[in-house]
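Q: Dropping a prediction and its sequence here:
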Amino acid sequence: MNKTMDMDESGLRNAYVAGSTESTDVPTTRPLQRANAGGCDAFVTKITMAPGAPTGLTATAKWGRVALNWTGSSGAVRYNVYQGTAPGAESTMPVKKVIIRTTATIFRLTSGMTYFFEVAAVNAGGTSALSNEASAAPR
């Protein structure tokens, strides 16, 4: 099998794999020709990679809530916010899912208790590594 690989220049973290194969079991969607019609089939496959981790996460204490801000990741379509009550002990399930925006407010928090937060970027390729950790204690 011949193969090549090229990266997307748009910053969306896509990879394209193109080549040819004589295999009769390469999966295709709407192929240009019947599988192995001429003894050799060409293909192009798009692979979307997970975005990079968000950066610059900050947490600002408010009355009974915490406001979060971060710098977004190229190619992200959603951000997951994770919360904990000890450093490095954020939950594995997001407390909030944020579409497009790079801000979130977490409500119904106990005044005087310190909360710790991390954010991950998400796209069709997967979930990024976690951002830096930020903490705040609501008033």
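A: The structure has been received and is ready for your questions.

Q: How about the residue positioned nearest the centre of the chain, nearest residue that isn't a chain neighbour?
A: Nearest to the geometric centre of the chain sits V122, at 2.2 Å (Cα atoms, centre = their mean). In space, and not counting its chain neighbours, V122 is closest to R78: 4.4 Å by Cβ to Cβ, 6 or more residues apart in numbering. C-beta here means a position set from N, CA and C on the backbone, and glycine is covered the same way.

Q: ok, now which ones touch that neighbour?
A: With contact set as Cβ atoms under 8 Å, 6 or more residues apart in numbering, R78 has these partners: 97-100, 121-123.

Q: what pairs with it across the strands?
A: Partner residues in beta bridges with R78, using DSSP bridges, are I99, V122.

Q: now do T45
A: Residues in a beta bridge with T45, per DSSP bridges, are V17.

Q: Tell me how many other residues crowd it.
A: Neighbourhood size, T45 [other Cβ atoms under 10 Å]: 14.

Q: Return the distance of it relative to T127.
A: Going from T45 to T127 by Cβ to Cβ, to the nearest Å gives 21 Å.

Q: got a pLDDT number for E133?
A: E133 carries a pLDDT value of 98.

Q: That one contacts T114, correct?
A: No: with contacts counted by Cβ atoms under 8 Å, E133 stays clear of T114, the gap being 11.6 Å.

Q: what about the strands in this structure?
A: 2-7, 14-21, 41-48, 55-62, 65-71, 78-84, 96-99, 103-106, 115-123, 126-127, 134-136 (DSSP state E).

Q: got the angle for the fourth one vs strand 78-84?
A: Between strand 55-62 and strand 78-84, the angle comes out at 60 degrees (axes from the mean of the first three to the mean of the last three Cα atoms, to 10 degrees).

Q: So which bits of strand 55-62 are buried?
A: 57, 59, 61 (16 or more other Cβ atoms under 10 Å).

Q: Just checking: what are the partner strands of that strand?
A: Here, using DSSP bridges, strand 55-62 pairs with strand 65-71 (antiparallel).

Q: With the last one instead?
A: If you go by DSSP bridges, strand 134-136 pairs up with strand 115-123 (antiparallel).
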